[in-house]
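S.K.: Structure of the sequence below:
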Amino acid sequence: MAARGRCPECGSGSLVEDAHYAQQQLVCAACGCVLSEGLLTTTYTDEEHLREVAYSQSTGQKEQLSRCLQRGIRRVQDLCKVLQLPAAFEETAVSYFQRALQLPAFHLASLERKELLGGCCVLVTCRQHGWPLSMGTLCSLLYARQELFASVYLSLQKELELSVPALSLVDLVTTHLNSFRLFQPTPNVPAPFLEDREQLLARTVGLVELASRAWLVTGRHPVPVVTAAAFLAWQSLRPGPRLSCPLARFCRLAGVDLPPPAHLRLRELLEILQGMASQLSWLRGFRLDKKTVVKHVGDLLQHRLVLLRNAFSQQDTAPGQGSLGQGSLDKDSLDKGSPGQDPQQGCPSAGRPQRGGSLRPLLPPCLLHPRKRPRAAAPSAPSPAATGDEPISDSEIEQYLRGPEEIQAFRKAKGW
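M.R.: Numbering: from 1, shown residues only. Down below sits the predicted model:
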């Protein structure tokens with residue numbers, strides 16, 4: 001539609017009103033100059049006061065998401081769909097990603113760290129809601145190195161000041177066992193090797209708790225411990241056809257990777273079980289080795305608190321020696337309490353020596369079998385004695401400042 005007047009740029013009189021989306025604009029048909037534009041309502045403070053502003057001054061242009069932010073949000077949403085997380089988790093993870101990308105620590109980061117940031121936001125959300133999800137699962141989905149992922153994860157917690165609870169061992173066992181392929185009939189898994197999910201989970205949790213009490217978990221990666229515990233639990237539920245199955249084949253049938261330290265964790269768990277089995281009187285007539293002790297895992301876990309304390313408070317008593325008063329237990333003493341037990345706790349006293357042996361505390365394996373220490377290096381030239389008059393570098397001087405006045409004076413001096 002033609003309009004009266006002339007263009008201030010070219011002097012042409014061919015002015016038309018052009019509808020740009022929802023607003024009207026007065027445009028010169030000859031040179032394209034915009035003489036006037038319609039009014040829009042902004043989305044920030046002006047909207048609260050019901051003010052109308054021009055489109056060029058509105059926040060409509062400033063609210064367009066960057067390509068990096070759009071790609072990151074899609075990555076977070078895709079991860080939530082793959083992991084089948086609730087919609088509330090997805091909204092929380094997206095909000096964390098948007099907040100983090102506005103910070104210089106992540107806005108100026110490399111593309112690889114930005115791609116891992118979405119996975120870290122998903123992991124933080126799951127941990128806060130108690131959803132069992134491990135860092136290794138996300139690393140496998142993102143094809144990421146665990147060291148780099150952990151670095152971005154720690155930076156996210158620090159920058160956003162998030163409180164993230166640690167994943168408990170029980171949650172980790174549940175997550176790890178959910179990936180096993182031993183619960184549904186498949187052509188690759190023989191029928192005797194199939195197992196009920198709940199029974200395997202309950203016994204594996206018991207073995208992991210036993211390993212935690214025996215110092216087999218502290219300071220170690222939890223996945224090898226969980227793998228070894230799941231293998232022993234699986235064997236103990238049907239020992240007949242499964243005792244001949246090695247750990248490597250079990251992992252192949254379950255469809256999980258075999259962590260290299262799992263053999264060591266399995267050996268340590270079997271040593272603990274053998275020591276506990278030596279305290280049961282109805283097992284004295286059997287020669288229990290590392291294979292046959294698996295058949296009695298159910299009994300050992302049922303009385304693990306009493307057996308663990310009895311087995312590792314005697315050092316010199318042989319498994320076949322001693323009587324009930326010397327630390328060995330029968331079925332009646334487990335239920336009613338043996339003479340060597342604390343009547344209030346129902347388990348042997350850990351602070352008093354018992355007959356036939358001296359107390360030996362339950363120590364971590366690194367103290368029982370310490371590694372050979374490397375040879376000491378050749379002595380170097382002695383350093384000069386400190387006098388207190390040595391100069392302090394600028395990078396270290398802030399460590400010696402105590403009060404806010406000193407810090408402010410130091411900054412002023414540095415500015416001069």
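S.K.: Report the distance from whatever helix or strand P241 lives in to the chain centre.
M.R.: Using DSSP states H and E, P241 sits in helix 239-242. Centre-to-centre, helix 239-242 and its host chain are 34 Å apart (CA atoms, centre = their mean, to the nearest Å).
S.K.: Equivalent analysis for stretch 174-184, please.
M.R.: 18 Å.
S.K.: for that stretch, how far is the first residue from the last?
M.R.: Chord length of stretch 174-184, first to last residue, is 17 Å (CA to CA, to the nearest Å).
S.K.: neighbouring contacts of it?
M.R.: 132-134, 137, 188-189, 193-197, 200-201, 204, 223, 226-227, 230, 234, 253-256 (CB atoms under 8 Å, 6 or more residues apart in numbering). Just so you know, the C-beta spots here come from the backbone N, C-alpha and C atoms, and that holds for glycine as well.
S.K.: avg pLDDT for that stretch?
M.R.: Taken as a whole, stretch 174-184 has an average pLDDT of 86.
S.K.: returning to what we had before: among the contacts of stretch 174-184, which are located in helices?
M.R.: 137, 197, 200-201, 204, 223, 226-227, 230, 234, 253-254 (DSSP state H).
S.K.: Show me which of those residues are buried.
M.R.: 137, 200-201, 204, 223, 226-227, 230, 234, 253-254 (16 or more other CB atoms under 10 Å).
S.K.: got those as a markdown table, with pLDDT columns?
M.R.: Shown next, in a markdown table, are those (pLDDT from 0 to 100):
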| residue | pLDDT |
| --- | --- |
| T137 | 83 |
| L200 | 93 |
| L201 | 92 |
| T204 | 94 |
| V223 | 86 |
| V226 | 92 |
| T227 | 93 |
| A230 | 94 |
| W234 | 94 |
| L253 | 91 |
| A254 | 91 |
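S.K.: Which of the residues you listed sits closest to L117?
M.R.: T137 (16.9 Å; CB to CB).
S.K.: quick one, what contacts the closest one?
M.R.: Counted by CB under 8 Å, 6+ apart, T137 has contacts T175.
S.K.: redo that, cut-off 7 Å
M.R.: If a contact means CB atoms under 7 Å, 6 or more residues apart in numbering, then T137 has no contacts.
S.K.: Quick check: the gap between the closest residue in space to G240 that isn't next to it in sequence and L182.
M.R.: With sequence-adjacent residues excluded and distances taken as CB to CB, 6 or more residues apart in numbering, G240 is closest to P192, at 7.9 Å. Applying CB to CB, to the nearest Å, the value for P192 to L182 is 11 Å.
S.K.: So for those two, which residue has more residues nearby?
M.R.: The neighbour count for P192 versus L182, taken as other CB atoms under 10 Å, is higher for L182 (19 against 11).
S.K.: Report how far apart the opening and closing residues of stretch 100-109 are.
M.R.: End to end - CA to CA - stretch 100-109 spans 11 Å.
S.K.: So what's the model's average confidence on that stretch?
M.R.: Here the average pLDDT along stretch 100-109 is 87.
S.K.: Can you tell me the SS state at F106?
M.R.: Here F106 is recorded as helix under DSSP: H, G, I helix; E, B strand; the rest coil.
S.K.: What about the closest residue to it other than its chain neighbours, how many residues nearby?
M.R.: Computed as CB to CB, 6+ apart, the closest residue to F106 that is not its neighbour in sequence is A100, at 4.9 Å. Close neighbours of A100, defined as other CB under 10 Å, add up to 25.
S.K.: Now for A100, which secondary structure element holds it?
M.R.: Residue-wise, A100 maps onto helix 87-101 under DSSP H and E.
S.K.: Would you mark the buried spots in that helix?
M.R.: Applying 16+ other CB under 10 Å to helix 87-101 flags 89-90, 92-94, 96-97, 100-101 as buried.
S.K.: Then stretch 107-120?
M.R.: Quick answer for stretch 107-120 (16+ other CB under 10 Å): 109, 113-120.
S.K.: Was I right to think A211 contacts T227?
M.R.: No - judged on CB atoms under 7 Å, A211 makes no contact with T227 at a distance of 11.5 Å.
S.K.: what packs against the helix or strand hosting F149?
M.R.: Here F149 is covered by helix 146-160, with elements defined by DSSP H and E. Contacts defined by 3 or more CB pairs under 7 Å, 6 or more residues apart in numbering; DSSP states H and E place helix 146-160 against helix 87-101, helix 111-128, helix 135-142.
S.K.: Now do the domain split for this structure, please.
M.R.: 15-57, 68-167, 170-313 (the TED database).
S.K.: Let's have these in a markdown table, adding distance to P404.
M.R.: Putting the domains of the chain into a markdown table (distance: least, CB to CB, whole Å) gives the following:
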| stretch | distance to P404 |
| --- | --- |
| domain 15-57 | 35 |
| domain 68-167 | 22 |
| domain 170-313 | 40 |
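S.K.: Out of these, which gets nearest to D389?
M.R.: Using CB to CB, these put domain 68-167 closest to D389, at 37.7 Å.
S.K.: Check the offset of the closest one from the chain's centre.
M.R.: 12 Å.
S.K.: Now do stretch 99-114: distance from first to last residue.
M.R.: 13 Å.
S.K.: Identify the residues contacting that stretch?
M.R.: Contacts for stretch 99-114 (CB under 7 Å, 6+ apart): 68-69, 72, 117, 121, 152, 155-156, 159-160.
S.K.: For burial, what's the neighbour tally of the nearest residue to A214 once chain neighbours are set aside?
M.R.: Leaving aside its sequence neighbours, A214 sits nearest to I272 (CB to CB, 6+ apart; 4.9 Å). By other CB under 10 Å, 24 other residues sit near I272.
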